[in-house]
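**Student:** Starting from these lines, generate the structure:
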Amino acid sequence: MPVSAGMSFLCHMGRIMGLDYGSRTVGVALSDALGLIASPYETITREKEGKLRPTLRRITEICREESVELIVLGYPLHMDGTEGERVRKTEDFRDLLLSRLESEGLSPGIVLWDERLSTMEAMDILSESGVPAQERKTYVDRIAAALILEDYMKNGDKKDGR
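**Tutor:** Residues are numbered from 1 along each chain as shown. Below you'll find the predicted structure:
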């Protein structure tokens, strides 16, 4: 089963948020209200890796504004399936996010979902779409988040996200 805190995909009827957590950015994607279509939403940037308060605040705002009931957080396993430092940082981010959401009276579940190759696939999509190389950085994280979310929506009830 995916590592989760909250509701199952099968009984889900609200919006789902996908997050691609990185050292300086967080890509955000949202599903439609029925949980069928994943769309890139925005990229949250920060000056330093450890400066997370504004990032957590913005994610909380989006959860409230968009009635998010479940968050799918990309889980950055190595290609061989092992865990590294980015996995630990992602787990720490999940814990901080859960705490922030709870302190704001929000309770979406958070599922960690295998994100291997999502950024590479996002870059391929941008390249194939003709987006100039210098502009791809603007969109890559939110598209990666949409790919993570899309994979979860297609396979969440069928496989372990890790």
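**Student:** So L36: helix, strand or coil?
**Tutor:** Following DSSP: H, G, I helix; E, B strand; the rest coil, we place L36 in the coil state.
**Student:** cool, L106 as well?
**Tutor:** Quick answer, by three-state DSSP: L106 is coil.
**Student:** and it, how many neighbours does it have?
**Tutor:** 16 (other Cβ atoms under 10 Å). C-beta here means a position set from N, CA and C on the backbone, and glycine is covered the same way.
**Student:** got it, and W113?
**Tutor:** 26.
**Student:** Check S23 too.
**Tutor:** 10.
**Student:** What of M123?
**Tutor:** Using other Cβ under 10 Å, M123 is surrounded by 18 other residues.
**Student:** One more: D124?
**Tutor:** That count, for D124 with other Cβ under 10 Å as the rule, works out to 12.
**Student:** Which elements pack onto the host helix or strand of E150?
**Tutor:** Under the criterion of DSSP states H and E, E150 resides in helix 133-155. Counting contacts by 3 or more Cβ pairs under 8 Å, 6 or more residues apart in numbering; DSSP states H and E, helix 133-155 is packed against strand 15-21, strand 25-31, strand 38-45, strand 68-75, strand 109-114, helix 118-128.
**Student:** In TSV, list the ones you listed along with distance to I143.
**Tutor:** Listed next are these as TSV, based on distance: least, Cβ to Cβ, whole Å:
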stretch	distance to I143
strand 15-21	9
strand 25-31	7
strand 38-45	5
strand 68-75	12
strand 109-114	16
helix 118-128	4
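**Student:** which one of those lies closest to R58?
**Tutor:** strand 38-45 (5.1 Å; Cβ to Cβ).
**Student:** Return the mean pLDDT over the closest one, rounded to an integer.
**Tutor:** Strand 38-45 carries an average pLDDT of 96.
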